[in-house]
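Enquirer: Sequence below, structure please.
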Amino acid sequence: MSRLKENFFYSRVFLSEFIILGLILFLFAILLSDSLLENLLLLSLIIIGLIYFVDSVGAKRKEQIRIIQKAFDDIKNNVLASPDEISLGKQLFELEADIKSMFLKTQTDIANLKKLEQVRTEFLGNVSHELRTPIFAIQGFLETLLGGAVDDPKVNRNFVAKAYSHTNNLNNLLHDLIDISMIESGQMRMSFRYFNVQEFLIPIVNDFKPAAAEKNIELILYNIKSKLELFGDKTRIKQVVTNLISNAIKYTERGKVEILVLEEGKFGRILVRDTGLGIADKDISRIFERFYRVDKDRSRAVGGTGLGLAIVKHILEAHNTKMEVKSEPGKGSEFSFLLKK
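Expert: The predicted structure follows:
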């Protein structure tokens, strides 16, 4: 009796259909027979049949719900290794396909969350390390000065200058951290408009001429059409170009750094080329990662936060374009990107 009661519970959703079916059958019985005894007998048979039908439907529905619940429990408890392990039977093939799709999405979400957690942990570790370097350096110089070097004219100004240099590095790192945080959180807004490329590049290149001259590097800006305009956020594109020229000068010991603008159909390509150290193929795919350095010791020696190219990548992605890199160790590198004319 308890089993019948339980099956009735699972089939109660079809109760109105069962009642309508019973009434239809009973009306047919009345039409086919004039005998009250026969009608009562038929009514009894109909009721017994309905009870059996309810029991059968309830049992099947209970089993289906059990299978579905087990599938969800297995997904929730991370028991399944593959969506192929989910099987609901032929009658529930559409639901089975949906659950498999949900399982795959859940697995992808879990993998992404684990990856984000790993990236977050690595990022915090990198930030701590990058902050520690200039802070410890500044602390060391100040301790030396307080220990008596401040009265020594041979070293005091030198130590103060070095401490000041490290404060600049620290300030640049903090600015880059703010930029990349705003970009990745979607808080950095872009202002897209057409701008004159010649008027845009000339002052940027002029700003870098003293740094290039100090290293005896030739800094060349090739002729650009005076009326050529490109579409983008002028301020952010300046950040991109500044980073590329700065890196080119830092990693070039002799030779030249060239800046060109090439027209390619409906687009203009801004290109920065140098005769510097170059980048190995294995490193090219990773140079846009946060804090990744091809040569860690040399990178810290020439300065830089390790975030510049990561910021460049995000800015260009916001412009629906990407950085293209060509490089050969010992011969130089070429960085370029397209903007709509």
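
Enquirer: And stretch 64-74, how far out from the chain middle?
Expert: 33 Å (Cα atoms, centre = their mean, to the nearest Å).

Enquirer: May I see the buried residues of that stretch?
Expert: Applying a neighbour-count criterion of 16 or more other Cβ atoms under 10 Å, one finds Q64, I67, A71 buried in stretch 64-74. The way it works is simple: take the backbone N, C-alpha and C, and place the C-beta from them, glycine included.

Enquirer: Please enumerate the helices of the chain.
Expert: Taking DSSP state H as the criterion, the chain carries its helices at 2-11, 15-32, 36-76, 93-146, 156-184, 197-214, 234-250, 281-284, 296-302, 308-318.

Enquirer: And the protein, what are its domain boundaries?
Expert: By the record's domain assignment, the chain is partitioned as 2-79, 127-184, 192-340 (automatic domain parsing).

Enquirer: Which of these has the lowest mean pLDDT?
Expert: Lowest mean pLDDT within the domains of the chain: domain 2-79, a mean of 69.

Enquirer: could you redo the domains of the chain as CSV and give each row distance to M102?
Expert: Shown next, in CSV, are the domains of the chain (distance: least, Cβ to Cβ, whole Å):
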stretch, distance to M102
domain 2-79, 7
domain 127-184, 28
domain 192-340, 30
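
Enquirer: most tightly surrounded among the ones you listed?
Expert: domain 192-340 (a mean of 17; mean count of other Cβ atoms under 10 Å).

Enquirer: Any idea how far apart the tips of that one sit?
Expert: Chord length of domain 192-340, first to last residue, is 11 Å (Cα to Cα, to the nearest Å).

Enquirer: and what of stretch 220-236?
Expert: End-to-end distance for stretch 220-236: 22 Å, by Cα to Cα.

Enquirer: How far off centre is it?
Expert: The answer for stretch 220-236 is 30 Å, by Cα atoms, centre = their mean.

Enquirer: Check stretch 89-106 too.
Expert: 28 Å.

Enquirer: Pull out the buried positions in it.
Expert: For stretch 89-106, by 16+ other Cβ under 10 Å, it's L92, E96, I99, K100, F103.

Enquirer: Quick check: the two most widely separated of the residues you listed?
Expert: Spatially, the most separated pair among the buried residues of stretch 89-106 is L92 and F103, at 14.7 Å (Cβ to Cβ).
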